[in-house]
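Visitor: Pasted the sequence and its predicted model underneath.
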Amino acid sequence: MFEYTVASDAATQKVGAALGQLVQPGSVIFLQGDLGAGKTTFTKGLAAALGIQQYVKSPTFTLIREYTSGRLPLYHMDVYRLENGGGDELGLEEYFNGAGVSVVEWPQFIEDEWPDDYLQIEIKKVATNDQQRQLLFHPQGQRYEQLVAQLAQAL
């Protein structure tokens with residue numbers, strides 16, 4: 001596990017951008033955190049590093065937003081609405097095994113669909129400072145352990 005603290009939304013985006021420089025085709029990133037923790041803010045930074053110039057917004061009502069104009073396609077998912085199941089009907093494995101980067105908000109609702117290897121990032125608000133966030137990186141699998149090591153070095 002790697003832990004990193006940021007003091008602003010801009011800093012959250014910078015960490016997302018640093019990760020965006022390192023991701024490869026088929027990368028799967030799970031973002032966990034309360035409402036307003038900064039999951040979409042993190043994704044905006046990652047998207048910018050991929051060269052995506054479109055405005056990135058939460059896919060809460062559409063479930064999946066596809067951005068294909070960057071170095072790699074970005075599949076931004078918000079599966080909060082699948083709290084009662086239904087992820088198997090979306091064909092998520094096609095995204096997870098595809099040529100793009102999958103970023104999933106609220107992944108606990110599709111846990112049965114998780115691939116064997118992934119990077120889980122917990123974003124937690126720091127109680128003493130409304131802008132500060134603690135980012136906890138939990139790599140699953142050698143590929144993501146190496147990715148997190150590279151990220152730690154870059155930060």
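Guide: Okay, I see it.
Visitor: As a check, name the ranges of all strands in this structure.
Guide: With DSSP state E, the ranges of strands along the chain come out as 2-6, 28-32, 64-67, 74-78, 101-105, 118-126, 129-140.
Visitor: Now mean pLDDT too, for those strands, in JSON lines please.
Guide: Compiled in JSON lines, these are given as follows (pLDDT from 0 to 100):
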{"stretch": "strand 2-6", "mean pLDDT": "92"}
{"stretch": "strand 28-32", "mean pLDDT": "96"}
{"stretch": "strand 64-67", "mean pLDDT": "88"}
{"stretch": "strand 74-78", "mean pLDDT": "91"}
{"stretch": "strand 101-105", "mean pLDDT": "95"}
{"stretch": "strand 118-126", "mean pLDDT": "93"}
{"stretch": "strand 129-140", "mean pLDDT": "90"}
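Visitor: got the contact list for the closest residue to residue 138 other than its chain neighbours?
Guide: Excluding its sequence neighbours, the residue lying closest to residue 138 (CB to CB, 6 or more residues apart in numbering) is residue 120, at 4.3 Å. The C-beta positions use only the backbone N, C-alpha and C, and glycine is treated the same way. Shown in contact with residue 120 (CB atoms under 8 Å, 6 or more residues apart in numbering): 29-30, 32, 107, 137-140.
Visitor: PyMOL command for the buried members of those residues?
Guide: The PyMOL command for the buried members of those (criterion: 16 or more other CB atoms under 10 Å) is given here:
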select buried, resi 29+30+32+107+137+139+140
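Visitor: Dump the contacts of residue 120 into TSV; add distance to residue 23 as well.
Guide: Output for the contacts of residue 120, formatted as TSV (distance: CB to CB, whole Å):
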residue	distance to residue 23
29	8
30	13
32	18
107	16
137	13
138	16
139	13
140	15
